[in-house]
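> Got a predicted structure here, sequence first:
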Amino acid sequence: QVQLVESGGGSVQAGGSLRLSCAASGYTFHIYSMAWFRQAPGMERKGVAAIDSHGSTTYADSVKGRFTISRDNAKNTLYLQLNSLKPEDTATYYCARARYRGPWSWDDFSSWGQGTQVTVPS
């Protein structure tokens with residue numbers, strides 16, 4: 001059974017940094033693409049960053065150059081480094097696993113964690 005547990009959220013001033021972690025269990029972590037999504041109040045959940053099984057990364061335009069996704073396959077853990085945070089980054093952040101091995105799209109993520117809140121006061 002896939003289990004994803006996020007941690008590392010909090011409240012930080014604009015310009016600050018946070019590091020989110022997602023501990024994965026219940027499946028062979030290294031063979032699946034993983035991603036971070038976020039959902040602000042009243043908004044749809046949107047993909048922020050993804051990393052495939054080879055370590056190739058993809059970012060939403062809104063976070064390019066500020067966020068970095070990485071994975072530690074030995075620890076079955078996914079990370080998201082958030083730098084230069086802005087008030088518009090305020091959201092609940094979720095990690096997710098791709099439904100299938102191989103090529104992915106933003107619609108292909110089907111297993112979700114419970115989320116961790118990131119707040120950047122304006």
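Received, thanks.
> Got phi/psi on Tyr27?
Tyr27 adopts backbone torsions of phi -160, psi 170, taken as degrees, to the nearest 10.
> Contacts only, for the nearest residue in space to it that is not next to it in sequence.
Closest residue in space to Tyr27, ignoring its immediate chain neighbours: Val2 at 5.3 Å, by CB to CB, 6 or more residues apart in numbering. All C-beta spots, glycine's among them, are computed from the backbone N, C-alpha and C. The neighbours of Val2, taking CB atoms under 8 Å, 6 or more residues apart in numbering as the test, are 24-27, 97, 111.
> center of this structure - which residue?
Trp36 (2.1 Å; CA atoms, centre = their mean).
> how far is the helix or strand hosting it from where the chain is centred?
Here Trp36 sits within strand 34-39, counting by DSSP states H and E. Centre-to-centre, strand 34-39 and its host chain are 4 Å apart (CA atoms, centre = their mean, to the nearest Å).
> Paired strands for that strand, with orientation please.
Here strand 34-39 is paired, per DSSP bridges, with strand 46-51 (antiparallel), strand 91-98 (antiparallel).
> any idea of the mean pLDDT for it?
Across strand 34-39, the average pLDDT comes to 98.
> Send over it as CSV, restricted to the C-alpha atoms.
Taking C-alpha atoms only, strand 34-39 is exported to CSV below (Å, rounded to 0.1, in the frame of the first residue of the first chain):
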residue,chain,number,x,y,z
MET,A,34,7.3,11.7,-8.2
ALA,A,35,6.0,15.2,-7.9
TRP,A,36,5.0,18.1,-5.7
PHE,A,37,1.6,19.8,-6.1
ARG,A,38,0.1,22.7,-4.2
GLN,A,39,-3.4,23.9,-3.5
